[in-house]
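okay, sequence plus prediction incoming.
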Protein chains: 2
Amino acid sequence: MRMGEGVEWGLHCCLTLAWIGDQEPISTAKLAEHFGVPPTYLNKCLQALVRAEILRSVSGARGGFCLAKRPDELTFLDVVIAVEGPDAAFRCTEIRQNEGCSRDEKRRPCAIAGAMQEAEEAWRTALKAQTLADIMQKAPAAAAERTRRWYQEVRR
Amino acid sequence: MRMGEGVEWGLHCCLTLAWIGDQEPISTAKLAEHFGVPPTYLNKCLQALVRAEILRSVSGARGGFCLAKRPDELTFLDVVIAVEGPDAAFRCTEIRQNEGCSRDEKRRPCAIAGAMQEAEEAWRTALKAQTLADIMQKAPAAAAERTRRWYQEVRR
DNA sequence: TGAAATGCGGATATAAATTATCTAGATTAG
DNA sequence: CTAATCTAGATAATTTATATCCGCATTTCA
């Protein structure tokens, strides 16, 4: 079981945009170069974040992406769902149905699937409790400054 | 992000073996037929459970698999790790390194990766809290009886 | 003792998902 | 008008998951 790389990229991009603050948009190309990831594929992830209203995009020359939410209102769960989709990792395929269980049994949810779903709920709860603002506090101040210096350099 | 089907298969097989109790081993072929899954691939999952000492296997004619642990000592986490492997779903690829961060920053763990790891820890904690014995209690008694009847039929 | 049933591990094949690129069109600054 | 940029859909490449196959070791039972 493996989460797509887009989640890491999306989170780092959000953090970068948050540190730069509410200024001009930053293009996919600049973010991709900054992180050393393929630009066209990063763009797909950023588009997903736009659809989830986590980022705002600006078309045209000097266009790019800005944060669309306040960092204290943007949770890790928001980003994970936007990039990876809303489906649970464990998908019950109801193999118990093959055992020939009774109508009464079928009405009840599968206890195994229930336990797996509970665990994923705990995961989601933990992700929901982490906001971008929390991370901004935890990260060293040097990282924020470095990001701002980088922005001044590349913003043409 | 998607968990392999082997986890569901493994959990249901353990539950079946638990209900049958400490009797003769059950072959891959019988379990696969019972659940309607491909026998050779199910066998791979069962082998993984043997390596994790969750099941015990018996070679030769009338061979098969038995539970190797008491149901109250077998957690969902044990099965998930045995089948899916021990790696976390979120793999930090340290894209921040590309930003040219300082030696001091590099020494600290990435705050984003840390938050993701915490969430997975919550997931693992929840899986660890669910034992096979818990599920045996939650499931309807009819399921246990049906499983035992099936066993009597197929145990040649 | 030999034949049949079974698990084991490695090799291989197939299917599916992820990652990456490409193209054509729309939008915007200058 | 032109260059830069986002968007959406199509396609290609890569990786992972699923499934099968084979040769071998082990065990039951006739």
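Noted; the coordinates are in hand. Numbering: from 1, shown residues only, chains lettered A, B, ... in the order given.

tell me how many other residues surround residue A:143.
22 (other Cβ atoms under 10 Å in any protein chain shown). Just so you know, the C-beta spots here come from the backbone N, C-alpha and C atoms, and that holds for glycine as well.

that one and residue A:81, how far apart?
Note on residue A:143: its distance to residue A:81, by Cβ to Cβ, to the nearest Å, is 26 Å.

alpha carbons of the strand or helix carrying residue A:66, as CSV, please.
Using DSSP states H and E, residue A:66 sits in strand A:64-67. What follows is strand A:64-67, C-alpha atoms only, in CSV (Å, rounded to 0.1, in the frame of the first residue of the first chain):
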residue,chain,number,x,y,z
GLY,A,64,0.1,30.5,-11.6
PHE,A,65,-1.2,29.4,-8.2
CYS,A,66,-2.0,31.0,-4.8
LEU,A,67,-3.4,29.5,-1.6
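
which outside residues touch that strand?
Outside strand A:64-67, the residues that touch it by Cβ atoms under 8 Å, 6 or more residues apart in numbering or on different chains are A:13-14, A:17-18, A:22-28, A:30-31, A:46, A:49-50, A:54-58, A:74.

is it in proximity to DNA strand D?
Yes. Counting by Cβ under 7 Å from any atom of the strand, DNA strand D has neighbours in strand A:64-67: A:64, A:65.

what does stretch A:74-85 give?
No. Stretch A:74-85 is not in contact with DNA strand D by Cβ under 7 Å from any atom of the strand; minimum separation 12.8 Å.

how far is that stretch from where the chain is centred?
4 Å (Cα atoms, centre = their mean, to the nearest Å).

stretch A:147-156 too?
Distance, centroid of stretch A:147-156 to centroid of chain: 24 Å (Cα atoms, centre = their mean).

by mean pLDDT, flag the weakest helix or strand of chain A.
Lowest mean confidence among the helices and strands of chain A (mean pLDDT, DSSP states H and E): helix A:103-107, at a mean of 78.

who are the packing partners of that one?
helix B:141-154 (3 or more Cβ pairs under 8 Å, 6 or more residues apart in numbering or on different chains; DSSP states H and E).

the residue nearest to residue A:123 when sequence neighbours are not counted is in what secondary structure piece?
Sequence neighbours aside, residue B:123 is the residue nearest to residue A:123 in space, at 3.9 Å (criterion: Cβ to Cβ, 6 or more residues apart in numbering or on different chains). Residue B:123 is part of helix B:111-128 when elements are defined by DSSP H and E.

orientation of that helix relative to helix A:141-154 in degrees?
Relative orientation of helix B:111-128 versus helix A:141-154 (axes from the mean of the first three to the mean of the last three Cα atoms, to 10 degrees): 130 degrees.
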